[in-house]
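Colleague: Predicted structure and sequence below. I'll ask about it afterward.
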Amino acid sequence: MDLVLEGKTALVTGGEGGIGRAICSRFAREGANVLSADLSRHSARQADIRFVEYDVTSEQSAAAVFAALAGEWDRLDILVNAAGIEIEKTIEDTSLEEWNRIFAINVTGTFLTSKYALPMLRHSSGASIINFGSYDGFIADPKLAAYCATKGAVHALTRAMACDHGPEGIRVNAICPGYVDTPMLASFFGEHADSEAQKKAARDVHPLRTYGQPEDIANLVNWLASDEARYASGQLWVIDGGLSAQVQQMRL
Ligand SMILES: NC(=O)c1ccc[n+]([C@@H]2O[C@H](COP(=O)([O-])OP(=O)(O)OC[C@H]3O[C@@H](n4cnc5c(N)ncnc54)[C@H](O)[C@@H]3O)[C@@H](O)[C@H]2O)c1
């Protein structure tokens with residue numbers, strides 16, 4: 001069987017998180033050289049996935065990571081901006097510090113990492129940047145105000161980057177998941193008194209009656225990273241088990 005990413009190099013921010021780990025594993029299985037860039041390393045890790053300590057909010061950290069990478073790899077083919085956090089609050093309950101923090105990670109992190117990756121991506125003959133938006137960038141879940149705002153910003157940034165860097169042969173897309181079974185979702189459910197009932201309710205509201213697994217997201221990321229997706233750019237790819245296709249009032 002052909003390995004679709006054979007010989008390619010990939011950097012995944014948030015590579016130690018639920019979705020990031022699934023992406024790193026899939027990329028490695030498809031033959032890519034993979035670097036997971038995150039705040040700290042997850043204990044049980046695949047030997048073929050390298051790790052670098054990286055804070056997406058820090059320009060110093062971005063400069064250091066990409067300077068080191070440029071000394072090692074002649075080019076970067078794939079950048080996945082998956083680092084992200086969620087704050088479960090209305091705007092009234094969100095402090096300015098929390099607001100600035102979530103924008104620093106979800107939006108500024110995507111900007112900074114992409115900016116520092118561009119010189120290496122330009123050396124690739126099939127460069128692909130994959131940002132992480134969310135279905136929450138289109139429609140709102142209750143008490144996720146700042147998070148929704150960051151994801152809307154990532155969607156707009158994705159389109160702008162695709163327009164600016166398409167002529168250089170760099171494709172830019174955003175994945176917009178619905179509910180995916182990761183530590184982020186666990187923390188969301190954990191805040192509810194009856195989280196098992198909450199999980200069942202969340203599954204049942206989907207047309208497919210389930211929420212996604214990290215591997216479901218990695219499948220789409222893998223395609224967007226590959227040369228098969230050479231004509232795909234500037235788009236926001238919703239993957240949510242049909243959740244946002246449905247008029248929720250019909251289930252009342
Ligand atoms: N899980 C979902 O339901 C869901 C839905 C829609 C979108 N998303 C998006 O998918 C992406 C991945 O989410 P996940 O569910 O895997 O979350 P996760 O919490 O499992 O992983 C997020 C990762 O980001 C890392 N991170 C946080 N701050 C960082 C920083 N300053 N620098 C570097 N790394 C940092 C964390 O250490 C963690 O490993 C996020 O952008 C998230 O917003 C997730």
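Modeller: Structure received.
Colleague: The chain against the ligand: which residues are in contact?
Modeller: 13-14, 16-20, 38-39, 54-57, 82-85, 105, 132, 134, 177, 179-180, 182-185 (C-beta under 6 Å from any ligand atom). Bear in mind the C-beta positions are built from the backbone N, C-alpha and C, glycine included.
Colleague: ChimeraX command for the buried members of those?
Modeller: Here is the ChimeraX command that picks out the buried ones among these, judged by 16 or more other C-beta atoms under 10 Å:
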select :13,14,16,17,18,19,20,38,39,54,55,56,57,82,83,84,85,105,132,134,177,179,180,182,184,185
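Colleague: Just the residues of the chain next to the ligand: which are in helices?
Modeller: Using DSSP state H, the members of the residues of the chain next to the ligand that fall in helices are 18-20, 183-185.
Colleague: Name all residues that make contact with the closest residue to the ligand within the stretch 1-150 of the chain.
Modeller: The nearest approach of the stretch 1-150 of the chain to the ligand comes at residue 17, 2.0 Å away (C-beta to the nearest ligand atom). Residues in contact with residue 17 (C-beta atoms under 8 Å, 6 or more residues apart in numbering) are 38, 82-84, 182-184.
Colleague: which regions of the stretch 151-252 of the chain sit below the pLDDT cut-off?
Modeller: 191, 193, 249-252 (pLDDT under 70).
Colleague: now the strands for it?
Modeller: Remark: strands assigned in the stretch 151-252 of the chain by DSSP state E, counting those that start in this stretch are 170-177, 236-239.
Colleague: Need the winner for burial among those strands.
Modeller: Counting by mean count of other C-beta atoms under 10 Å, strand 170-177 has the highest mean neighbour count of the strands of the stretch 151-252 of the chain, with a mean of 25.
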